[in-house]
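A.B. asks: Here is my input, please return the structure:
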Amino acid sequence: MNESRFRYGVYSCGYAIENASEPQALTVLKRILHEVEGHESGWPMWMVPDGRMPERVTVVDGMLECFLNDDQVFDDGAHSDYWLAHPAGRLMLLRGYQDDSKIEGELPPGELLDITIPIFRAGELALHAHRLGAHLADAGAQVHLRMTWRGLHGRKLSTWASGRRMIGPFYTSMQDEATGLVAVAYDAIPNTLPEIAQALVGPLYAAFDFEPDPIIYSQEIAGVLRRG
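C.D. replies: From the prediction side, this is the model:
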């Protein structure tokens, strides 16, 4: 993995399904992961590369492993996912910040963090867990979700990707890392997405000493669902 792609910072996310069904064969798990890919964005979480992409999914220590780093199209951390998937329903993904991507134009890398993108990603994460849970879990099974952001120190909250919102220039993180955790029944996820997003993203905002109006979660999650 080319770690220089992530030099400005990364976020990681993942989840674990409690009491998942008997571990799937890795070939079956790969097929299921392809089936449950999200459509909320053009770069979905746990994307399984197809024949048009040079990358492939490999097996390591009984897990599926993939590093998406198509140099012919993208060369930044925001489009350089590293992910793992365990057949017992445990998944992890590492990705750079969209705020640092060259594709976004003249944004200064390592300096900004849009206030709405993390909510969007939290929604994507939870919906992926819901879809995979439908394959691996019994009704009511708990899913433990986690999001961690690193490389925050000195960044300022911004609305570069969500210009309809207004925010002052003075919300700056004095810490380098923040983590949000939440546990929820997988089949309750669709009806509790704003609450899940608040639990996951709230600690990130706290790192900037910022407490948004709670309505932001339901408004941004509505956008996630429209695109899904």
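
A.B. asks: Would you check that my belief about G89 contacting L132 is correct?
C.D. replies: Yes: the pair G89 / L132 is scored as a contact, 6.8 Å apart, by CB atoms under 8 Å. To be clear about C-beta, it is placed using only N, CA and C from the backbone, and glycine gets the same treatment.

A.B. asks: Find residues that contact each of the two.
C.D. replies: Taking CB atoms under 8 Å, 6 or more residues apart in numbering as the contact criterion, the residues that touch both G89 and L132 are I17.

A.B. asks: So which elements touch the top helix by length along the chain?
C.D. replies: Taking DSSP state H as the assignment, the helix of the chain that covers the most residues is helix 117-136. When contacts are defined as 3 or more CB pairs under 8 Å, 6 or more residues apart in numbering; DSSP states H and E, helix 117-136 packs onto strand 10-17, helix 26-35, strand 142-150, helix 193-207, helix 215-227.

A.B. asks: Let me know which of the ones you listed is the nearest to P118.
C.D. replies: Nearest to P118 among the helices and strands packed on helix 117-136 is helix 193-207 (4.8 Å), distances taken as CB to CB.

A.B. asks: from memory I167 sits against W160, does it?
C.D. replies: No: in this structure, I167 is not within contact of W160 by CB under 8 Å, at 10.5 Å.

A.B. asks: which residue packs closest to the residue nearest the centre of the chain, ignoring adjacent ones?
C.D. replies: Taking CA atoms, centre = their mean, the centroid of the chain lies closest to R121, which sits 4.5 Å from it. Nearest in space to R121, with sequence neighbours left out and distances taken as CB to CB, 6 or more residues apart in numbering, is C13 at 6.9 Å.
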